[in-house]
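Student: Give me a model of this one.
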Amino acid sequence: MSVAETGCLPYMVRLVLGMPYMVTTNVDVEDGLVNGAIGELKYVEYDEDDAHEEIVKLWIKFDSDTIGAVLRLKSRPLVYSKPGILQPDWTPISRRSANIKLSSSIKCKRIQFPIVSASPLTVHNSLGGTFSEIVYDYDKSQDQQLVYVGLSRVTSLDGLYLTNSANAFMFHHARGSKSPKMLELRSELQRLDNHRLRTLAEQIMDVMQNSGCACTLMTMNVQSLQAHSLDIATDRILTNVDVLALSETWLDNGTFVEIVGFKRIIQSKRVGARAAGIAIYQKDTIPTIAIPHTIDKLSASYDEQLGLADDVGDICAAEIIVMDIRTLLISVYISPDSTTKQRKYFLTRNLMMYTRTDMPIVVTGDFNIDVSKPENTDFVDFMKRGLKFDLASDPTQATTLGGTCLDLTFTRNIRATCKRYCAYFSYHRPMLSVIEI
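Tutor: From the prediction side, this is the model:
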């Protein structure tokens, strides 16, 4: 029976460390573990409790870091339990099963690792692979596209070897084909190059790469950090910012969640509120570590409404370094069922005392008031006149899938340029702020 008839599981797999192998079935499409993914076999893991030493996992290093990234994160405890044996950039592959119908009355099950040797490959199967050395079976009758795909699998000319059955050594594709098909293809490629559509991620990455010494901050309503910490840790934009200001973490004060690549600085959540909570995380490669800051609250003795304001939202702060200047970052979440008056009392209680300082301050988070509506512009005026904070984010740009602008960034004595990003796992859009003195 062919491999296609057995659920893409081969009858036998010969294992040789250091050799390339190709995944034969879609293990996890979202994680890039799909049919055709190629990597190098690094380690064969046996069941230590089995007298027959049955193989339980194959550890493969794929050419692209995006292949198996989520699975590698989930497997880190196992990797750390075997230091010197397993490596964090190796991806574990386990056995899979497939039901096989032999006849109308006979069925069986095959349990096998979903890989085959990738040493001999057709050009079509090599698509997407990258190799330091290849031997290509070249023939002048091959299509230009086929030759291009085959030769472009190798990383350098030093690793390219051509062979053929006729032992002929003339290369016939050097000048390119002038067939109508190829001319049409070149024309289409030129058209696409002239009308290239840059993705939002590319635009955001360009902004971050050109930020220089400025601090990059991502404000984000995560709608449960416990559920989405892996989503953050595998997003190439979110993992490259300096600081994360998260709201709706849904984490009680005694519950901590690790985000790979980041250090938790501070978090807070009201007792008894479920869909609430805020936190500040800093990238762990930044040499100057942020420190938690205790909010200097306005005394409730000034107004009895101030004493009730703490039930309206969550707030926490950290002192970060922006271009060698110590800056106060304040993360805010205000409950959606609060009135505008209650929001103002909450912010007055927590921010009024800072009107007396010249320290640069950034206040960011989910304020749950749609400032794109004309009737809510007085809230922005209140922040400016009453608390001396300028709105840095664009009130005309929606920060939710519903078209409302709820996630805001305010500044004082510091500049912030804000740009929206996207996240598939939250109703809110993350907002990048490039902060500079």
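Student: where's Ile286 relative to Val243, distance?
Tutor: Look at Ile286 and Val243: by C-beta to C-beta, to the nearest Å, they are 8 Å apart. In short, each C-beta sits where N, CA and C put it, glycine included.
Student: for the stretch 101-250 of the chain, what are the low-confidence residue spans?
Tutor: 175-177 (pLDDT under 70).
Student: the helices in it, which residues?
Tutor: Remark: helices assigned in the stretch 101-250 of the chain by DSSP state H, counting those that start in this stretch are 123-126, 144-151, 180-194, 200-209, 225-233.
Student: Between those helices, which one is closest to Trp90.
Tutor: Minimum separation from Trp90 across the helices of the stretch 101-250 of the chain (C-beta to C-beta) falls at helix 225-233, 17.6 Å.
Student: nearest residue to Val149 other than its sequence neighbours?
Tutor: For Val149, ignoring the flanking residues on the chain, the nearest one in space by C-beta to C-beta, 6 or more residues apart in numbering is Val123 at 5.4 Å.
Student: Isn't the one you found up against Ser152?
Tutor: No: Val123 is not in contact with Ser152 according to C-beta atoms under 8 Å; the separation is 10.2 Å.
Student: More neighbours: which of the two?
Tutor: Val123 (18 against 13; other C-beta atoms under 10 Å).
Student: Return the residues in contact with the more buried one.
Tutor: Leu146, Val149, Gly150 (C-beta atoms under 8 Å, 6 or more residues apart in numbering).
Student: Mark which of those residues are buried, thanks.
Tutor: By the neighbour-count criterion of 16 or more other C-beta atoms under 10 Å, those include these buried positions: Gly150.
Student: Looking at the contacts of Val123, which one is closest to Ala276?
Tutor: Val149 (52.8 Å).
Student: The closest one: what's it in contact with?
Tutor: Val149 touches Val123, His124, Ser126, Leu127, counting by C-beta under 8 Å, 6+ apart.
Student: Over to Ala392?
Tutor: For Ala392, counting by C-beta under 8 Å, 6+ apart, the contacting residues are Thr409, Phe410, Thr411, Arg415, Ala416, Thr417, Cys418, Ser433.
Student: Next: Thr6.
Tutor: Thr6 touches Ala98, Ile100, Arg110, counting by C-beta under 8 Å, 6+ apart.
Student: Pick the one among the residues you listed closest to Asp193.
Tutor: Closest to Asp193, out of all of these and judged by C-beta to C-beta, is Ala98, at 43.0 Å.
Student: what's the closest non-adjacent residue to the closest one?
Tutor: Nearest residue to Ala98 in three dimensions, chain neighbours excluded: Gly7, at 2.4 Å (C-beta to C-beta, 6+ apart).
Student: Contacts only, for that neighbour.
Tutor: Contacts of Gly7 (C-beta under 8 Å, 6+ apart): Thr25, Arg96, Ser97, Ala98, Asn99, Ile100, Arg110.
Student: can you check Thr130 too?
Tutor: Per C-beta under 8 Å, 6+ apart, neighbours of Thr130: Asp63, Arg153, Thr155.
Student: gap between Leu86 and Asp28?
Tutor: 20 Å.
Student: Give the residue from the two that has the larger number of neighbours.
Tutor: Taking neighbours as other C-beta under 10 Å, Leu86 and Asp28 compare with Leu86 leading, 20 against 12.
Student: Might one say that that one is in contact with Tyr43?
Tutor: Yes: look at Leu86 against Tyr43 with C-beta under 8 Å: they come within range, at 6.5 Å.
Student: Mutual contacts of the two, please.
Tutor: With C-beta under 8 Å, 6+ apart as the test, Leu86 and Tyr43 both reach Trp59.
Student: Please parse the protein into its domains.
Tutor: Domain ranges of the chain: 3-117, 123-194, 200-436, per automatic domain parsing.
Student: Quick check: end-to-end length of the last one?
Tutor: Spelled out, that is domain 200-436. One end of domain 200-436 to the other measures 23 Å (C-alpha to C-alpha, to the nearest Å).
Student: Over to stretch 397-405?
Tutor: The first and final residues of stretch 397-405 sit 6 Å from each other (C-alpha to C-alpha).
Student: Quick one: mean pLDDT for that stretch?
Tutor: For stretch 397-405, mean pLDDT is 96.
Student: residues in contact with it?
Tutor: Here stretch 397-405 has contacts from 370-372, 393-396, 406-408, 420, 427-429, 431, using C-beta under 8 Å, 6+ apart.
Student: Filter the contacts of Thr6 down to just the ones in strands.
Tutor: Ala98, Ile100, Arg110 (DSSP state E).
Student: Now the buried members of those.
Tutor: Restricting those to buried positions leaves Ala98, Arg110, with burial counted as 16+ other C-beta under 10 Å.
Student: what about Tyr11, neighbour count?
Tutor: For Tyr11, the count of nearby residues is 9 (other C-beta under 10 Å).
Student: do the same with Gln209
Tutor: By other C-beta under 10 Å, neighbour count at Gln209 equals 10.
Student: about what we covered before: can you tell me which of the domains of the chain is packed in deepest?
Tutor: Mean neighbour count, computed with mean count of other C-beta atoms under 10 Å, is highest for domain 200-436 among the domains of the chain, reaching a mean of 18.
Student: Identify the residues contacting Met431.
Tutor: By C-beta under 8 Å, 6+ apart, the neighbours of Met431 are Met218, Thr219, Met220, Thr364, Ser393, Thr399, Asp407, Thr409, Cys418, Lys419, Arg420, Tyr421.
Student: One more: Ile295?
Tutor: So Ile295 contacts Ile315, Cys316, Ala317, Ile330, Asn350 (C-beta under 8 Å, 6+ apart).
Student: Please identify which of these is nearest to Met182.
Tutor: Of the contacts of Ile295, the one sitting nearest to Met182 (C-beta to C-beta) turns out to be Ile330, at 59.6 Å.
Student: Bridged to the closest one, which residues?
Tutor: Ala317, Val363 (DSSP bridges).
Student: shouldn't it be in contact with Pro360?
Tutor: No: between Ile330 and Pro360 there is no contact under C-beta under 8 Å: 11.5 Å.
Student: How about Phe389, nearest residue that isn't a chain neighbour?
Tutor: Phe410 (3.8 Å).
Student: The host helix or strand of that neighbour: partners in the sheet, and parallel or antiparallel?
Tutor: Assigned by DSSP states H and E, Phe410 belongs to strand 407-412. Strand pairing for strand 407-412, determined by DSSP bridges: strand 361-366 (antiparallel), strand 390-391 (antiparallel).
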